[in-house]
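> Give me a model of this one.
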Amino acid sequence: MRNFIFLVALTFLSTSSWAQSGTSWGIKGGLNYNGNGNYIESIGMNAENPDKNIGYHIGLFGKLGNTLYFRPELVYTSTKSEYSNGNFNMKKFDAPLLVGIKVLGPISVFGGPALQYILDSDFNGISINNVSNDFSVGLNFGVAINFKKFAIDLRYERGFSENEAQFLNNNNIDTSRLDTRPEQLILSLSIAL
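Predicted coordinates:
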């Protein structure tokens, strides 16, 4: 956890030290659609009830550069995944470190690694303490439309390494495992301050 906080603090300090070169910082928030296993299959299964796997996020961002830019973010994320035998909820901090480029007018594309630290997870209200790794790394990539101080982006996030949670029944016998690495579509609104 200390390494995660140090890395995030260093990223935001470097962003603020370059702020005089026409860069910006601001707030962001939006909705997440979390996938269960096979992402495309998950969307099809939830077509009738699309709110089943909807979560949210809110956070801060910095932006260095104009045509080619670096955009670090620190985001609190809450996700929900509905399975046939219950709901899996996760709360985490994400720190995407994105590089982007303007490709056509206000449209830009971006991508980069995302550091994730799991704060809390539960399955049907039962706290899960045995997620194999609280800290993991994933990948974000997407497209953004920029309107002066406002921006809308749509991105895909996927965790790199398997990160399983193990569930035990009342007799402490292993009953099932769940892959907790993120796989989600993220829709955000950003406002530069």
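
> Sheet partners, orientation included, of the longest strand along the chain?
Among all segments of the chain classified by DSSP state E, the strand with the greatest residue count is strand 86-104. As defined by DSSP bridges, the strand partners of strand 86-104 come to strand 68-83 (antiparallel), strand 107-123 (antiparallel).

> okay if I get those strands as a markdown table plus mean neighbour count and mean pLDDT?
C-beta: built from backbone N, CA, C; applies to glycine. As requested, those are exported to a markdown table (neighbours: other Cβ atoms under 10 Å; pLDDT from 0 to 100):
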| stretch | mean neighbour count | mean pLDDT |
| --- | --- | --- |
| strand 68-83 | 19 | 91 |
| strand 107-123 | 18 | 90 |
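
> would you turn the ones you listed into JSON lines with distance to D94?
As requested, those are exported to JSON lines (distance: least, Cβ to Cβ, whole Å):
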{"stretch": "strand 68-83", "distance to D94": "5"}
{"stretch": "strand 107-123", "distance to D94": "5"}
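
> now for the ones you listed, which one comes closest to A151?
Proximity to A151, assessed across the strands paired with strand 86-104 by Cβ to Cβ, is greatest for strand 107-123 (8.7 Å).

> Export only the CA atoms of the closest one, formatted as CSV.
Taking only C-alpha atoms (Å, rounded to 0.1, in the frame of the first residue of the first chain), the coordinates of strand 107-123 have been written out as CSV:
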residue,chain,number,x,y,z
ILE,A,107,-11.1,13.5,-30.8
SER,A,108,-8.2,11.8,-29.1
VAL,A,109,-7.2,8.2,-28.4
PHE,A,110,-5.3,7.1,-25.3
GLY,A,111,-4.0,4.0,-23.5
GLY,A,112,-1.7,2.9,-20.7
PRO,A,113,-1.3,0.9,-17.5
ALA,A,114,-3.7,1.2,-14.5
LEU,A,115,-2.6,0.5,-11.0
GLN,A,116,-5.4,-0.9,-8.8
TYR,A,117,-5.6,-1.3,-5.0
ILE,A,118,-8.6,-3.2,-3.7
LEU,A,119,-10.1,-1.5,-0.6
ASP,A,120,-13.0,-3.8,0.1
SER,A,121,-14.9,-6.7,-1.6
ASP,A,122,-17.9,-8.8,-0.6
PHE,A,123,-20.1,-11.5,-2.0
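
> Lovely, talk soon.
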